[in-house]
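*Asks:* Take this sequence and fold it.
(one chain, ligands or ions: 1)
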Amino acid sequence: MTGDADQGEQRYHERFAAERAEGRFVVPQCSECRTRFWHPRRHCPKCGSPRIDFVEPTWPAHVYTYTVNHRAKKDDQGPGATMIGYVELDDGLRLLTNLEHVDEEHAIGTAVSPEPHITDDGVVFVFVPVVS
Ligand SMILES: [Zn+2]
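*Replies:* Next comes the predicted model:
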């Protein structure tokens, strides 16, 4: 049995998943106080409102910090190293994400935007440098 709160929670996650399935990287924004936040959650962390919209940020974001995980490469299975980091949006909101093709020596401040990758588990976004 599910109550109204559970159904609201389900609709929220379905809306978020539908945006991503369409290839749009969206972030939650409170309909009441306009605060954008990350990670997605059902209520605004600032005012507590359950009225949440999803908005597509203005790109690019910029690499705020990062780390590279090196691991032994087994045959041709996967990359030998992966980069993850925080990217910062124009309003200061930071997202933890996967980074690809970012120059490790000059990564901080690199302008990046999300690129959808279709996987067996759905759409996964990685952030790649913006080509100007
Ligand atoms: Zn709010």
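
*Asks:* Contact partners for N69?
*Replies:* Contacts for N69 (CB atoms under 8 Å, 6 or more residues apart in numbering) come out as 81-84. Just so you know, the C-beta spots here come from the backbone N, C-alpha and C atoms, and that holds for glycine as well.

*Asks:* give me the element F16 is part of.
*Replies:* helix 4-21 (DSSP states H and E).

*Asks:* what pLDDT, on average, does that helix get?
*Replies:* Averaging pLDDT along helix 4-21 yields 82.

*Asks:* need the helix or strand of the chain with the lowest average pLDDT.
*Replies:* Lowest by mean pLDDT, DSSP states H and E among the helices and strands of the chain is helix 4-21, with a mean of 82.

*Asks:* Check which helices and strands that one sits against.
*Replies:* Judged by 3 or more CB pairs under 8 Å, 6 or more residues apart in numbering; DSSP states H and E, helix 4-21 is in contact with strand 52-55, strand 122-129.

*Asks:* Quick one: the strands in this protein, in order.
*Replies:* Along the chain, counting by DSSP state E, strands occupy 27-30, 52-55, 61-70, 81-88, 94-99, 111-119, 122-129.

*Asks:* a markdown table for these, including mean pLDDT and distance to Y12?
*Replies:* Below are the strands of the chain laid out as a markdown table (pLDDT from 0 to 100; distance: least, CB to CB, whole Å):
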| stretch | mean pLDDT | distance to Y12 |
| --- | --- | --- |
| strand 27-30 | 95 | 9 |
| strand 52-55 | 94 | 7 |
| strand 61-70 | 95 | 24 |
| strand 81-88 | 94 | 24 |
| strand 94-99 | 96 | 18 |
| strand 111-119 | 94 | 21 |
| strand 122-129 | 93 | 17 |
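
*Asks:* Which of the ones you listed sits closest to the ion?
*Replies:* With CB to the ion, the closest approach to the ion among those belongs to strand 27-30: 3.1 Å.

*Asks:* re earlier: now what about the helix holding F16, what contacts it?
*Replies:* 2, 26, 28, 40, 42, 50, 52, 54, 116, 122-123, 125.
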